[in-house]
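>>> got a predicted structure here, sequence first:
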Amino acid sequence: MPPCSVLRPAARSALLLAAAAALLLPSAPVAAVEAARLDRTLLDARITESSGLARSGYDDGLLWTHNDSGDGPRLFAVGPDGRTVATAVLRGASAVDWEALARYRGADRSYLYVGDVGDNARARREVAVHRVEEPRSPRGDLVLAPRTYRLAYEDGPRDAEALLVHPWTGRLYVVSKDYRGGAVYEAPAALSTTGVNVLRRVASAPALVTDGAVLFDGRVVLRDYVAAWVSPRIGAPATRVPLPASAQGESLAPAPGSRAVLVGSEGLRSPVHRQPLPG
C-alpha cells in the first residue's frame with residue numbers, strides 16, 4: 001500500500017475510517033489462506049473509478065465493471081488481458097451513484113444487476129437497481145434496454161455500495177455502509193417495476209462494506225477497504241480474510257467455483273486480484 005501521503009483524500013479518509021471501525025467491532029477469527037495473485041489490470045483509460053465487478057455468466061475470463069458516480073450509465077466488458085472488448089450503455093437508466101454490480105445465471109440466460117444505491121448524504125428516498133440481459137459475446141459499442149426496480153429502505157435512507165443476488169433464488173440483497181456497522185436488507189421475492197419495493201433489514205453487517213457476493217455454495221462474502229468477511233450464510237458469524245493492499249478497494253465478484261473471489265479497486269489502471277478463501 002502506498003503511504004497515506006500519496007493517497008487521494010477520499011481514499012485516505014476511507015482507510016482511516018476502516019481502521020477506526022475495526023476497533024469498534026468485535027474481533028473475528030482471521031483465516032489462514034493462500035496469498036492473492038494478480039488476475040488482470042484494467043487498462044482502459046475510461047475506467048477511472050471501478051466500483052462494481054461481475055464475472056460473465058457465459059465466459060469465465062470476461063469481467064464486467066462500471067465507474068462510480070460522475071460517469072454515464074455504461075458498463076465495460078474486460079477480457080483476461082485487461083483490455084476492454086465492449087461497452088454497453090443502459091438506455092434511459094439513472095446513474096446517480098452507481099456503486100455495485102452483480103450477476104445472476106438463470107436456466108438459459110444470464111442477467112447483470114447494476115446498483116444505483118450510493119447515498120453519501122442519506123438523502124435519497126428511493127434508490128434503483130437496473131437489470132439487463134447479459135450479451136453472450138459482447139463486442140464493440142452496445143445499447144441495452146434495462147428493467148428498473150425502485151427500492152426504499154423500511155427504516156429510511158441509507159448509503160450502500162454492495163448489491164448481492166443469491167445464485168439459488170435470484171433474490172436481491174443490499175448491504176448498507178456505515179462506520180458503526182451496516183445491515184443486510186432483503187428485497188421482495190417478486191420485484192415490481194411499477195411500485196416501490198421495500199427493503200427489509202434481515203441481518204447485521206460489518207462496518208464500511210464496499211461490496212459483496214453470495215457464492216454458489218451459499219457462503220456470503222462481504223468486503224471493506226482492507227478485508228473480506230466470509231460467513232456460511234447471511235447473518236452468520238464471519239471469518240476475516242485480509243485483502244491485498246489497494247488505493248480504494250470497492251469491488252468483489254466470485255471467481256469460478258466457490259474457492260476464491262476477485263477484488264478490485266478504484267483508480268486508473270487499477271488491479272484485479274484473485275483472493276483465495278478458507279475452506
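On my side now, so go ahead.
>>> all helices for this structure, in order.
9-24 (DSSP state H).
>>> in it, which strand is the longest?
Of all segments of type strand in the chain, defined using DSSP state E, the longest is strand 196-205.
>>> and the contacts of that one?
Applying C-beta atoms under 8 Å, 6 or more residues apart in numbering, the external contacts of strand 196-205 come out as 126, 149-155, 173-176, 181-188, 191, 222, 234-235. Where you see a C-beta, it was placed from the backbone N, CA and C, and this is true even at glycine.
>>> give the pairing partners of it; include direction for each.
strand 147-153 (parallel), strand 182-186 (antiparallel) (DSSP bridges).
>>> let me see the mean pLDDT of the last one.
So the one you mean is strand 182-186. Rounded to a whole number, the mean pLDDT of strand 182-186 is 99.
>>> using PDB, write down the CA coordinates of it.
Extracted as PDB, the C-alpha positions of strand 182-186 are listed here (Å, rounded to 0.1, in the frame of the first residue of the first chain):
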ATOM      1  CA  GLY A 182     -24.000  -1.800   8.500                       C
ATOM      2  CA  ALA A 183     -27.000  -4.000   7.800                       C
ATOM      3  CA  VAL A 184     -28.200  -6.500   5.200                       C
ATOM      4  CA  TYR A 185     -31.600  -5.600   3.600                       C
ATOM      5  CA  GLU A 186     -33.700  -8.100   1.700                       C
END
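>>> count of neighbours near Pro276?
Residues near Pro276, counting by other C-beta atoms under 10 Å, number 16.
>>> not counting residues beside it along the chain, what's closest to it?
Nearest residue to Pro276 in three dimensions, chain neighbours excluded: Glu34, at 4.3 Å (C-beta to C-beta, 6 or more residues apart in numbering).
>>> ditto for Tyr185
Leaving aside its sequence neighbours, Tyr185 sits nearest to Leu199 (C-beta to C-beta, 6+ apart; 3.8 Å).
>>> separation between that neighbour and Ser51?
Using C-beta to C-beta, to the nearest Å, we find Leu199 at a distance of 20 Å from Ser51.
>>> likewise Pro73?
For Pro73, the distance to Ser51 under the criterion C-beta to C-beta works out to 13 Å.
>>> overlap in contacts of these two?
Residues touching both Pro73 and Ser51 comprise Trp98, with contact defined as C-beta under 8 Å, 6+ apart.
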